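Asker: Everything below, folded, please.
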Amino acid sequence: MAFLRRIQRSDFIYYFFRDPVAYISFFILLALFVSAFAAPLIAPHNPYDPTTIDIMDSELPPVWSSEGSARFLLGTDDMGRDMLSTMLYGMRISIIIGLGAVFLQAAIGIVVGLLSGYIRRLDAILMRIADVQLSFSTYMIAIFIGATFQMMFGVANYEKIAAPLLIFIIGLAEWPQYARTVRASVLAERRKEYVEAARVIGLSRLRIMWRHILPNTLSPVLVISTVQVANAIMSEAALSFLGLGMPQNKPSLGSLITSGFEYIFSGTWWITIFPGILLVVLVLVINLLGDWIRDYLNPKLYKG
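Answerer: The predicted model follows:
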């Protein structure tokens, strides 16, 4: 009972533990994050160390198969790497790319949204730039930039900067979502009395935007961020399928799915299916948790 009383002191925690979808999604996501970032400690093998990989172990089935090996619980891929270890390392790269891309999107979008919503002379210019940006798909921008970098620096050098480049590409392509949302919130906040009071006492525009208006626009930003992390991870997987993702020696979930796709009809289905299942679970729990946060922060939708 004392535990329940402590929980009820916080509405967020109280309603969070009343919703099975919310806390189950959270704990699954937490387990995936811990598994991904603790991969060097818990993974049975190191897929980045070529001295530990034997090509003779390639395409071994999972352990429950008659031809499986106890050393490789989920089998091996076409290069002889342990699937479980490679998936854990690959999930870490996918999560890093997703979080990094969303951070870049939010940084650009918040700045543009604040300037556009508060300084009316910039509104038309910045929103037209956002409209032009939205007219190009993420994949079109990624194909153009990725192909240009590969042509300029070569495939070997491209592989060295693949992760930062994917973060830059996905972040650059999706910032208008944040800009439009922040702009709408700023337009509503700038007419309120506390903003007028800040103007009267002589605070600068920059201080009003960053210290007073921005904190009141972060709720929708938080909701968008949860959804955009899942979208960024899926975008990375799609780009890997097109050959513009992570290299084979440092695979992500997307590149693992791609590398095993050509073997799926030859009987070695686990090379693609297991990373695909992990990617679906990761994206699903992020979206479910994001939906709950959206509903909780909107009193018109959330009923407890």
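
Asker: The stretch 151-300 of the chain: helices as residue ranges?
Answerer: Using DSSP state H, counting those that start in this stretch, the helices of the stretch 151-300 of the chain run over 162-189, 193-200, 205-207, 218-241, 253-261, 270-297.

Asker: Of the ones you listed, which stretch is the most buried?
Answerer: helix 253-261 (a mean of 24; mean count of other Cβ atoms under 10 Å). All C-beta spots, glycine's among them, are computed from the backbone N, C-alpha and C.

Asker: same for that one, what does it pack against?
Answerer: helix 83-118, helix 218-241, helix 270-297 (3 or more Cβ pairs under 8 Å, 6 or more residues apart in numbering; DSSP states H and E).

Asker: next SSE after the first one?
Answerer: Read in the C-terminal direction, the helix or strand following helix 83-118 is helix 120-134, with elements assigned using DSSP states H and E.

Asker: in that following helix, what's buried?
Answerer: Asp123, Leu126, Met127, Ala130, Gln133 (16 or more other Cβ atoms under 10 Å).

Asker: Kindly report the same for stretch 54-65.
Answerer: Asp57, Ser58, Glu59, Leu60, Pro61, Pro62.

Asker: if we can go back for a sec, rebuild the buried residues of helix 120-134 as a markdown table, extending it with distance to Ser219 and pLDDT.
Answerer: Converted to a markdown table, the buried residues of helix 120-134 look like this (distance: Cβ to Cβ, whole Å; pLDDT from 0 to 100):
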| residue | distance to Ser219 | pLDDT |
| --- | --- | --- |
| Asp123 | 22 | 80 |
| Leu126 | 22 | 86 |
| Met127 | 22 | 85 |
| Ala130 | 21 | 84 |
| Gln133 | 24 | 81 |
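
Asker: I'd like those as CSV, with distance to Val227 appended.
Answerer: Formatted as CSV, the buried residues of helix 120-134 follow (distance: Cβ to Cβ, whole Å):
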residue, distance to Val227
Asp123, 25
Leu126, 23
Met127, 22
Ala130, 18
Gln133, 18
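
Asker: ok, so of these, who is nearest Leu115?
Answerer: Leu126 (6.3 Å; Cβ to Cβ).

Asker: The closest residue to Asp54 other than its chain neighbours: how many residues sit nearby?
Answerer: Setting aside the residues directly before and after it, Asp54 is nearest to Gly80 in space (Cβ to Cβ, 6 or more residues apart in numbering), at 5.3 Å. Close neighbours of Gly80, defined as other Cβ atoms under 10 Å, add up to 19.

Asker: Need the helices and strands packed on helix 253-261 in CSV (columns: distance to Gln177 and mean pLDDT).
Answerer: Output for those, formatted as CSV (distance: least, Cβ to Cβ, whole Å; pLDDT from 0 to 100):
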stretch, distance to Gln177, mean pLDDT
helix 83-118, 7, 89
helix 218-241, 6, 83
helix 270-297, 13, 85
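
Asker: got the ones you listed as TSV, with distance to Pro247 columns?
Answerer: Shown next, in TSV, are these (distance: least, Cβ to Cβ, whole Å):
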stretch	distance to Pro247
helix 83-118	11
helix 218-241	10
helix 270-297	16
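
Asker: about what we covered before: of the helices of the stretch 151-300 of the chain, which approaches Arg92 most closely?
Answerer: The nearest among those, by Cβ to Cβ, is helix 253-261 at 9.7 Å.

Asker: so that closest one versus helix 218-241, what angle?
Answerer: Per axes from the mean of the first three to the mean of the last three Cα atoms, to 10 degrees, the angle that helix 253-261 makes with helix 218-241 is 30 degrees.

Asker: can I get the CA coordinates of helix 253-261 in PDB?
Answerer: C-alpha atoms of helix 253-261 as PDB (Å, rounded to 0.1, in the frame of the first residue of the first chain):
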ATOM      1  CA  LEU A 253      19.400  -3.900 -38.600                       C
ATOM      2  CA  GLY A 254      18.600  -2.600 -42.100                       C
ATOM      3  CA  SER A 255      21.800  -3.800 -43.700                       C
ATOM      4  CA  LEU A 256      21.400  -7.200 -42.000                       C
ATOM      5  CA  ILE A 257      18.000  -7.600 -43.500                       C
ATOM      6  CA  THR A 258      19.400  -6.600 -46.900                       C
ATOM      7  CA  SER A 259      22.300  -8.900 -46.700                       C
ATOM      8  CA  GLY A 260      20.100 -11.900 -46.100                       C
ATOM      9  CA  PHE A 261      17.300 -11.000 -48.500                       C
END
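
Asker: Residues contacting it, please?
Answerer: Helix 253-261 has contacts (Cβ atoms under 8 Å, 6 or more residues apart in numbering) with 77-78, 86-87, 90-91, 93-94, 233, 236-241, 243, 245-248, 251, 268, 270-272, 275-276, 278-279, 282.
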